[in-house]
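> What follows is a predicted protein model with its sequence.
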Amino acid sequence: MSQAATYSVQTVLKDSTPIQVRALRASDEADMLAAVARTGPQSLQNRFFVLKRHFSEKERAFFMDVDFSNHVALAALAEEQGRYAIIGGGRYVIVEPGRAEMAFVVVDAWQGRGVGSLLLRHLTEIAREQGVRELTAEVLSDNMPMRSVFAKAGFKLARSDDPRTVHLSLTL
């Protein structure tokens, strides 16, 4: 089993708020759905490219059945109202040998505080350790905050067939 399956680190956001970044667990499904419920329509559209509030059983299985080899998912958790709750998540999926596509979502109340950047950094480290040579992402053209997160991490613009999106890539 991949070490990514047991990945867990305590870290802090840029405002010194402590958070935990760890492997997504099957038992996180209810908390993940609660995080989606606390995420605004524009944020969900930025992540899924359509307004997405509900997931089919097949979609839920995809998001939760992570093998930590071809599909790696991390959750960011912070204390909210006396308990730890998911405030964001990120994942990559191997799309061809050596290349993976990434995606992220952060609950609105936690955006702009560095959650996405931390998830990106930890996923990049895991990808590098697992031999991934290139990370890619599709981002809506007008999603400037996410484009900025990727740019700060060294992702470069690449060709996109869809004028609504930009394709970003990082060679590891």
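Done, it's in.

> Could you check how far the helix ranked longest in the chain is from the centre of its chain?
Ordering each helix of the chain by length in residues (DSSP state H) puts helix 115-129 first. Here helix 115-129 is found 9 Å from its chain centre; the criterion is C-alpha atoms, centre = their mean, to the nearest Å.

> what pLDDT, on average, does the next helix or strand after that helix get?
Moving toward the C-terminus from helix 115-129, the next helix or strand (DSSP states H and E) is strand 134-140. The pLDDT scores in strand 134-140 average 91.

> sorry, back to before: elements contacting the longest helix of the chain?
Judged by 3 or more C-beta pairs under 8 Å, 6 or more residues apart in numbering; DSSP states H and E, helix 115-129 is in contact with strand 18-23, strand 71-80, strand 83-96, strand 99-106, strand 134-140, helix 144-152. Just so you know, the C-beta spots here come from the backbone N, C-alpha and C atoms, and that holds for glycine as well.

> can we see that at 6 Å?
strand 71-80, strand 83-96, strand 99-106 (3 or more C-beta pairs under 6 Å, 6 or more residues apart in numbering; DSSP states H and E).

> tell me the angle the last one makes with helix 144-152.
Pointing back at strand 99-106 there. Strand 99-106 and helix 144-152 are oriented at 140 degrees to each other (axes from the mean of the first three to the mean of the last three C-alpha atoms, to 10 degrees).

> so what's the nearest residue to Arg147 once chain neighbours are set aside up against?
Among residues not flanking Arg147 along the chain, Val139 sits closest, at 5.5 Å (C-beta to C-beta, 6 or more residues apart in numbering). For Val139, the contacting residues are 146-147, 166, by C-beta atoms under 6 Å, 6 or more residues apart in numbering.
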